[in-house]
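> here is my input, please return the structure:
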Amino acid sequence: MARRRGPLLLMISLLLAVFAAWVANNWINARASIAPAAPMDHVITAALDIPLGTKIEQRHLSMIDMLAGKAPSGSYHDYADVVGKVTSSTVLAGEILLAPRLADSGAGSSLAAVVATNMRAVTVRVDDVVGVAGFLLPGNHVDVIETDHDSLGSKAKAQTILSNVKVLAVDQTAAADSSQPMVVRAVTLEVTPADAETLLKGKTAGSIQLALRNPLDESDTRTKPVEEPRAPAKAPVVRVARAKPPAPGIMVIRGTAISHDPTAESPTAESHDQN
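Model prediction:
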């Protein structure tokens, strides 16, 4: 009897478990149908990696849904608002496109849209050495070092004239594969108008060398002007006034009283007049 009761109890337990699961599933579906659906927003993201200075096309974009009000500030919600813009920095696949990282292409080239406000793009000619052996890529930051000789031409000198300068493009591209170094002939740098004059002066006066920086280094490495030592200040000359000679006259002694008569002439003067 006990052997028959075991399988029966097991069967009843399975039926009760299935019934409990069915009841729970119906209860969850009923609550879900009663609760109102949360409003959603469409947010534009990158469908693939978009390099710096790329004009965005439809194939670069995709869309995801987010809870209303949870999208980051500056995000886009319509493809038409993004197509035609130019990336001012590299955008990775799946990243939400934000307004500060895009620029209007306008009527100019894509590189012109990448140049920041109040900045200038200046191109300098380089070789495999000046271009850091081909490891110089768009988006890197460099120091510009000027090398020259003294007035006699016998002693070389070098000084850092620009610090932490952004590389906008190498040769004629604003994007490059970071895993493949390439020898370039020209580098375009983003500088202020004043730094552009300094760069061109340094290039004309001598030769320039680019030094690649760590992206986390924000220090200013420009060479500080050396101040010439000042000559020690001379002590002021103090002029001592000479004592005036005593007025001519004779000394008159009467007892204990001594006086001086300036109107009387000395005997020596009288003797000289008589002679």
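
> which intervals of this structure have sub-threshold pLDDT?
1-4, 32-37, 105-110, 128-134, 151-154, 172-182, 225-253, 255-275 (pLDDT under 70).

> end to end, how far does stretch 135-142 reach?
Start-to-end span of stretch 135-142 (C-alpha to C-alpha, to the nearest Å) is 12 Å.

> does residue 86 touch residue 60 like I think?
No. The pair residue 86 / residue 60 is not scored as a contact, 11.4 Å apart, by C-beta atoms under 8 Å. Where you see a C-beta, it was placed from the backbone N, CA and C, and this is true even at glycine.

> can you list residues touching both of those two?
Residues touching both residue 86 and residue 60 by C-beta atoms under 8 Å, 6 or more residues apart in numbering: residue 54.

> can you tell me which strand in this protein is longest?
strand 156-170 (DSSP state E).

> buried stuff in that one?
Neighbour-count burial for strand 156-170, counted by 16 or more other C-beta atoms under 10 Å, picks out 160-163, 165-170.

> show me what that strand is packed against.
helix 110-114, strand 141-149, strand 186-191, helix 193-205, strand 207-212 (3 or more C-beta pairs under 8 Å, 6 or more residues apart in numbering; DSSP states H and E).

> redo those as JSON lines? Include distance to residue 20 and mean neighbour count.
JSON lines is the format used below for these (distance: least, C-beta to C-beta, whole Å; neighbours: other C-beta atoms under 10 Å):
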{"stretch": "helix 110-114", "distance to residue 20": "63", "mean neighbour count": "19"}
{"stretch": "strand 141-149", "distance to residue 20": "64", "mean neighbour count": "18"}
{"stretch": "strand 186-191", "distance to residue 20": "68", "mean neighbour count": "20"}
{"stretch": "helix 193-205", "distance to residue 20": "75", "mean neighbour count": "14"}
{"stretch": "strand 207-212", "distance to residue 20": "67", "mean neighbour count": "17"}
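
> so which of the ones you listed is nearest residue 221?
strand 141-149 (5.4 Å; C-beta to C-beta).

> the longest strand of the chain to strand 207-212, inter-axis angle?
Here strand 156-170 runs at an angle of 60 degrees relative to strand 207-212 (axes from the mean of the first three to the mean of the last three C-alpha atoms, to 10 degrees).

> hang on, the earlier thing: now distance to residue 69 too, for the helices and strands packed on strand 156-170, in JSON lines please.
Below are these laid out as JSON lines (distance: least, C-beta to C-beta, whole Å):
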{"stretch": "helix 110-114", "distance to residue 69": "31"}
{"stretch": "strand 141-149", "distance to residue 69": "37"}
{"stretch": "strand 186-191", "distance to residue 69": "36"}
{"stretch": "helix 193-205", "distance to residue 69": "43"}
{"stretch": "strand 207-212", "distance to residue 69": "43"}
